[in-house]
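K.L.:
Got a predicted model here, sequence first, then my questions.
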Amino acid sequence: MTSIPPTGTMNLPRAKQRGWTRFRARLLGLPILQVIVLLALVLWLVITVPGITAPVSIISILMLASLLAFATLGQTLVVILGGLDLAIPGYIIVGAFVASNLAGGADWSPWLAVLTTVGLCGIVGAFVGFVSYRYSIQPLVLTLGVSAALTGGTLFLADSDLSWSPPESMRQLTGVTSTTFGLPVPPLIIIVILLAILLWLFLTRTATGRRLYATGTNVRAAGLTGIRTGAMWTSVFAMSGISSGLAGMLLASFTSGWSAAIGEPYLFTGLAAVLLGGTTFGSIRGSYTRTVLGALILTLLSTIVLSSGLNDGQSRIIYGLVIIGVLVIYGRERHVRDRF
């Protein structure tokens, strides 16, 4: 005769399942994993790399992370929207050209150079967002073509003249020894911190931010609730172009010049920073704050890779494994799985 287990015993597996579900939701809802990884990498560098705690070394790492974080601002918003922007290298080279050859070589006013970059990259980005939404064209394909066109057009206008550098007023923003209101911190680091705070407030405390999340989660349902999803796509891709163009100006100022390939490293590593931070396509938990954490992690990881003597190919393998690992962890949510 089979005995029936007590009612409390029958509920144990279900209770454990609910407990694990709540724990996993809390783990994915907060950047706990990212903070743990970040602290582990910091500890690794302190132990294995002599002199890494020197103020110059710390500022240099923060500067590299800030440049990466700034270059991935637009990509973060596009990924939250559920898209992907491969035109970022093109926008970056446009901004670098304006900062170097126009503000530096042609003596344009820095403010005029900034407005030119914002206007040009914003218009191109808005065009990409409008066309991809209106005609249901995959932004993956459209932005790839736009990137090639921007790069080719910029090199044509430059006429192979890559010898100019941005003016001193721009280089002061990204100088490792620059100060901000007397503090021994370069202005770019302060700018990225302020951007992270402002975007966190925008995404979590405004109606427009909530509409952005809703559009990324389900664009059709968002449209049925009255959200102007087409305008959302257009504005987000425009913001991606603007922020990437400004990042190009900062990159040219940091390196005191530019090249035809100045934006290429920031496509792959930028996407890795976004995904590593925990922002996945159409994610309701994505944020720029997470991307900043991802940029810090990748910068520390790159420092470890360089100190270990690994080449560029090996470092790309590591970045690829990082992306795969993040998708395994965060890609199990239903609204994310439906996109792959």
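P.N.:
All right, it came through fine.
K.L.:
got the contact list for stretch 96-114?
P.N.:
Stretch 96-114 is touched from outside by 116-117, 120, 154, 157-158, 161-162, 164-167, 169-170, 245-246, 248-249, 251-253, 257-258, 262-263, with contacts defined as Cβ atoms under 8 Å, 6 or more residues apart in numbering. C-beta: built from backbone N, CA, C; applies to glycine.
K.L.:
gap between the residue nearest to the spatial centre of the chain and S307?
P.N.:
Ranked by distance to the mean C-alpha position of the chain (Cα atoms, centre = their mean), the top residue is T72 at 2.3 Å. Taken as Cβ to Cβ, to the nearest Å, the spacing of T72 relative to S307 amounts to 24 Å.
K.L.:
now do I47
P.N.:
Taking Cβ to Cβ as the measure, I47 and S307 are separated by 12 Å.
K.L.:
For those two, work out which one has more neighbours and name it.
P.N.:
Set I47 next to S307 and count neighbours by other Cβ atoms under 10 Å: S307 wins out with 14 against 9.
K.L.:
was I right about S307 contacting P50?
P.N.:
No. Here S307 does not reach P50: they are 9.9 Å apart, not a contact under Cβ atoms under 8 Å.
K.L.:
returning to that earlier point: in this structure the residue nearest to the centre of the chain contacts L276, no?
P.N.:
No. In this structure, T72 sits apart from L276 without contact. The criterion is Cβ under 8 Å, and the distance is 10.4 Å.
K.L.:
so what sits against both of these two?
P.N.:
The contact sets of T72 and L276 overlap at G294 (Cβ under 8 Å, 6+ apart).
K.L.:
mind listing the helices for the stretch 51-200 of the chain?
P.N.:
All helices of the stretch 51-200 of the chain, identified by DSSP state H, counting those that start in this stretch, fall at 55-71, 73-81, 88-97, 110-134, 139-158, 168-174, 187-205.
K.L.:
I'd like the ones you listed written out as TSV, with mean pLDDT added.
P.N.:
Converted to TSV, the helices of the stretch 51-200 of the chain look like this (pLDDT from 0 to 100):
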stretch	mean pLDDT
helix 55-71	94
helix 73-81	94
helix 88-97	96
helix 110-134	96
helix 139-158	94
helix 168-174	93
helix 187-205	95
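K.L.:
quick one, which of the ones you listed is packed in tightest?
P.N.:
For the helices of the stretch 51-200 of the chain, the stretch with the most neighbours on average is helix 88-97, a mean of 31; neighbours defined as mean count of other Cβ atoms under 10 Å.
K.L.:
got the angle for that helix vs helix 139-158?
P.N.:
Relative orientation of helix 88-97 versus helix 139-158 (axes from the mean of the first three to the mean of the last three Cα atoms, to 10 degrees): 20 degrees.
K.L.:
tell me how far helix 88-97 is from the chain's mean position?
P.N.:
Computed by Cα atoms, centre = their mean, to the nearest Å, the separation of helix 88-97 from the middle of its chain amounts to 15 Å.
K.L.:
Send me that helix as CSV with only the CA atoms.
P.N.:
Extracted as CSV, the C-alpha positions of helix 88-97 are listed here (Å, rounded to 0.1, in the frame of the first residue of the first chain):
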residue,chain,number,x,y,z
ILE,A,88,28.9,53.8,-35.0
PRO,A,89,32.4,53.6,-36.6
GLY,A,90,31.1,55.9,-39.4
TYR,A,91,29.8,58.4,-37.0
ILE,A,92,33.0,58.3,-35.0
ILE,A,93,35.2,59.0,-38.0
VAL,A,94,33.0,62.0,-38.9
GLY,A,95,33.4,63.5,-35.5
ALA,A,96,37.1,62.8,-35.5
PHE,A,97,37.4,64.5,-38.9
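K.L.:
my guess is A149 meets Y91, correct?
P.N.:
No. Look at A149 against Y91 with Cβ under 8 Å: they stay out of range, at 11.4 Å.
K.L.:
Low-confidence stretches in the stretch 151-300 of the chain?
P.N.:
Low-confidence segments of the stretch 151-300 of the chain, defined by pLDDT under 70: 282-283.
K.L.:
hmm, who's touching stretch 125-145?
P.N.:
With contact meaning Cβ under 8 Å, 6+ apart, stretch 125-145 is reached by 74, 78, 83-87, 91, 146, 229-230, 233-242.
K.L.:
what about burial for those, which qualify?
P.N.:
Neighbour counting by 16 or more other Cβ atoms under 10 Å classes 74, 78, 83-87, 91, 146, 229, 233-242 among the contacts of stretch 125-145 as buried.
K.L.:
could the helices of the stretch 51-200 of the chain go into a markdown table alongside distance to A272?
P.N.:
Compiled in a markdown table, the helices of the stretch 51-200 of the chain are given as follows (distance: least, Cβ to Cβ, whole Å):
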| stretch | distance to A272 |
| --- | --- |
| helix 55-71 | 10 |
| helix 73-81 | 10 |
| helix 88-97 | 13 |
| helix 110-134 | 22 |
| helix 139-158 | 17 |
| helix 168-174 | 22 |
| helix 187-205 | 18 |
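K.L.:
just the angle between the helix ranked longest in the chain and helix 55-71, please?
P.N.:
With secondary structure taken from DSSP state H, the chain has its longest helix at helix 229-255. Comparing the axes of helix 229-255 and helix 55-71 via the same axes, to 10 degrees yields an angle of 150 degrees.
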